[in-house]
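Trainee: The following comprises the amino acid sequence and a computationally predicted model.
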Amino acid sequence: MGMDRLNIMTMQQTMDYLNVSRATIDRWRKDKQLPFIKIGKEVLFEKTAIDEWIRGYSTQESHDETTVIIGYQSRTAHMWTALLIKELGYFKEELEHFFPMKGFSIHWHNAASGLELVELMIKGKVHIASLGDYPMTICNQLSKLFPEFQSVILAFDGKTEKGCGISFVAPKQATIISEQLFHNPISTVTNSSADVRLLELVSAFGQDIRPKVVHQYMDDSLDSIAQQRIGGSVMWEPYPSLLRHYDKGQIIIEEVGESDYLTGIVSENSWLQHNEAVTISYLKAHIRIHQLLRNNPYKAAQILASCTNLPLQIILQVIIKVRWDSTIYGRDIDTLKRFHSQRTNDKSDDHSFLVKTEYLQMAIDELNLPLLTNSIVNGHWSTDVLY
């Protein structure tokens, strides 16, 4: 009697029947008691048992609604991935694929800075956050101070080489690059990716330079530059391009600092352990948006223009300069370690970061894309494969 007559399905048939990957099947067997039959090394499934499991599990989960809070920064170009996920509904779509009968309430918190999101993560009021490179190191330092808060790097977002994407901008009348630029107050967002690069810039001009640095969010700094109230500002995109576009300021130094400019996806370890499928769903949406940004930047720019009211041409010229790549490279971790050492004057070798690449790997597998060869890819960025 054939397996069809017995309603027995192979692993591949079950994957096709449930429309999920092998990794998801294995995870459901382990964590959700998906019924299976093992004969030797072969894993088989009974169709009627699978159908009953779906009905029972769906009924159980349908009574509960889970709230997921995503923290993002809509005015930071290298993190526009999250805004696109929100606008296109990809996260909701992926959650519905994983949990067809379970209700989710997705809240989006649009923050003025990464430090705001770090504080909310500590309070448990943000579950997944898009952060710049220096706020990621702050998360790591706080994890060492507060054992119950353990930040985890899940993936990276927009990347650019050697400070590209962060510029020193001055009012229109500034004409020279010298210490005279620092005679007037300089603005930036405190404890941000721009802030750490401002310190690098100042130190490059000599130890005797001590400018007055004022904390201003980017929108306020843009107004201060346009109205010539400050001597300059270290700003991330799209602000430098906006000032130049409207002829309200000028970019004095195009790339500030020697380190790559990185943004990434961070969560908290205890929350992750209870929400693995939710995390994988978000990372699937993250990878899909990266594909859109790389393959159809004009469509992505149109969506962003409609929800940010920024000029389409500015958005387009910014996003095509960014490497949209989730992959975690040793090069990226080294950049974060360098920031940690610079700001803490800690010369020890213990600058470890808690990185969990398995969720990114499972998201890649769910999307039927080639898996990464290593958990953290050694060496420099690949020119062949981007996620």
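Mentor: Yes, it's here.

Trainee: per-residue pLDDT, Ser178?
Mentor: Here the pLDDT value assigned to Ser178 is 55.

Trainee: what's the answer for the one 4 residues further on, then?
Mentor: Looking at Phe182, its pLDDT stands at 67.

Trainee: Same check on Ser382?
Mentor: The predicted local distance difference test score for Ser382 is 87.

Trainee: what is Tyr329 paired to in the beta sheet?
Mentor: Val377 (DSSP bridges).

Trainee: With Asp247 as the reference, measure out to Thr76.
Mentor: 23 Å (Cβ to Cβ, to the nearest Å). The way it works is simple: take the backbone N, C-alpha and C, and place the C-beta from them, glycine included.

Trainee: So Asp219 sits against Thr76, correct?
Mentor: No. Counting by Cβ atoms under 8 Å, Thr76 is not a contact partner of Asp219; they are 11.7 Å apart.

Trainee: which one of those two has more residues nearby?
Mentor: With neighbours defined as other Cβ atoms under 10 Å, Asp219 and Thr76 compare such that Thr76 has more, 30 against 11.

Trainee: for the more buried one, what are its contacts?
Mentor: Neighbouring residues of Thr76 by Cβ atoms under 8 Å, 6 or more residues apart in numbering: Ser130, Gly132, Trp236, Glu237, Thr263.

Trainee: so what sits against both of Asp219 and Thr76?
Mentor: Shared contacts of Asp219 and Thr76 (Cβ under 8 Å, 6+ apart): none.

Trainee: now for the contacts of Thr76, which pair is the farthest apart?
Mentor: Pairwise distances across the contacts of Thr76 peak at 14.6 Å for Ser130 and Glu237 (criterion: Cβ to Cβ).

Trainee: helix/strand/coil for Arg288?
Mentor: helix (DSSP: H, G, I helix; E, B strand; the rest coil).

Trainee: Mind giving me the packing neighbours of the host helix or strand of Leu272?
Mentor: With elements taken from DSSP states H and E, the one containing Leu272 is helix 269-274. In this structure, helix 269-274 makes packing contacts with strand 151-160, judged by 3 or more Cβ pairs under 8 Å, 6 or more residues apart in numbering; DSSP states H and E.

Trainee: chain center to the strand it packs on, what's the gap?
Mentor: 5 Å (Cα atoms, centre = their mean, to the nearest Å).

Trainee: Over to stretch 328-342?
Mentor: With Cα atoms, centre = their mean, you get 16 Å for stretch 328-342.

Trainee: Can I get that stretch as PDB, trimmed to CA atoms?
Mentor: The C-alpha coordinates for stretch 328-342 follow below in PDB (Å, rounded to 0.1, in the frame of the first residue of the first chain):
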ATOM      1  CA  ILE A 328      27.000  40.700   9.400                       C
ATOM      2  CA  TYR A 329      30.700  41.000   8.400                       C
ATOM      3  CA  GLY A 330      33.700  40.900  10.700                       C
ATOM      4  CA  ARG A 331      34.500  44.200   9.200                       C
ATOM      5  CA  ASP A 332      31.300  45.700  10.600                       C
ATOM      6  CA  ILE A 333      31.900  44.300  14.100                       C
ATOM      7  CA  ASP A 334      35.400  45.700  14.000                       C
ATOM      8  CA  THR A 335      33.900  49.200  13.200                       C
ATOM      9  CA  LEU A 336      31.700  48.900  16.300                       C
ATOM     10  CA  LYS A 337      34.600  47.800  18.500                       C
ATOM     11  CA  ARG A 338      36.600  50.800  17.300                       C
ATOM     12  CA  PHE A 339      33.800  53.200  18.300                       C
ATOM     13  CA  HIS A 340      33.600  51.500  21.700                       C
ATOM     14  CA  SER A 341      37.300  51.900  22.300                       C
ATOM     15  CA  GLN A 342      37.400  55.500  21.200                       C
END
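
Trainee: Great, nothing more from me.
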